[in-house]
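>>> okay, sequence plus prediction incoming.
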Amino acid sequence: MIWLGVFAHHQAMFFDSSVLKNIRYSTKYHIAGDYHLIARVVTGIEKKTILRLSFPICVFKVGGVSSNYLKANPETWEIRRDVLKVPYLARLMIYFVSNFMSIVRKNIPVLYNIYRFRANR
């Protein structure tokens, strides 16, 4: 569900050029720009056109500016409100859960990794 965030790292995504023909990357978002682009793409295509592979197509170190949820929250709040049309209470719940998971990720990374990557096991 795109409401909760990007379902894969942007380094591992490919888009058909026809999908991106009329969508431009916004420089308005300094941290959540990829989320903004992907939210706009996903809301404009049919679910059946998204293909999930069962094997990795890239390997990289997790982290970076966008992994700082506390700094990204104002931008993702706006994207969920304006692009994804997520209701206020759902945005509020996502806000609290993502902040909680940020604390877990920092302090108990093993537990976070079990939760975050459970679907890939």
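Alright, I've got the coordinates.
>>> and the lengthiest helix in the chain, what does it pack against?
Secondary structure of the chain read by DSSP state H shows that its longest helix is helix 88-107. Packed against helix 88-107, as judged by 3 or more Cβ pairs under 8 Å, 6 or more residues apart in numbering; DSSP states H and E, are the following elements: helix 69-82, helix 109-116. C-beta here means a position set from N, CA and C on the backbone, and glycine is covered the same way.
>>> out of these, deepest packed?
Of all the helices and strands packed on helix 88-107, helix 69-82 has the most neighbours on average by mean count of other Cβ atoms under 10 Å, namely a mean of 17.
>>> neighbouring contacts of the helix or strand of the chain with the lowest mean pLDDT?
Within the chain, confidence by mean pLDDT, DSSP states H and E is lowest for helix 109-116 among all helices and strands, at a mean of 80. Identification of contacts with helix 109-116 by Cβ atoms under 8 Å, 6 or more residues apart in numbering yields 101, 104, 105.
>>> could those be laid out in a markdown table, adding neighbour count and distance to residue 57?
Below are the contacts of helix 109-116 laid out as a markdown table (neighbours: other Cβ atoms under 10 Å; distance: Cβ to Cβ, whole Å):
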| residue | neighbour count | distance to residue 57 |
| --- | --- | --- |
| 101 | 15 | 25 |
| 104 | 16 | 28 |
| 105 | 18 | 24 |
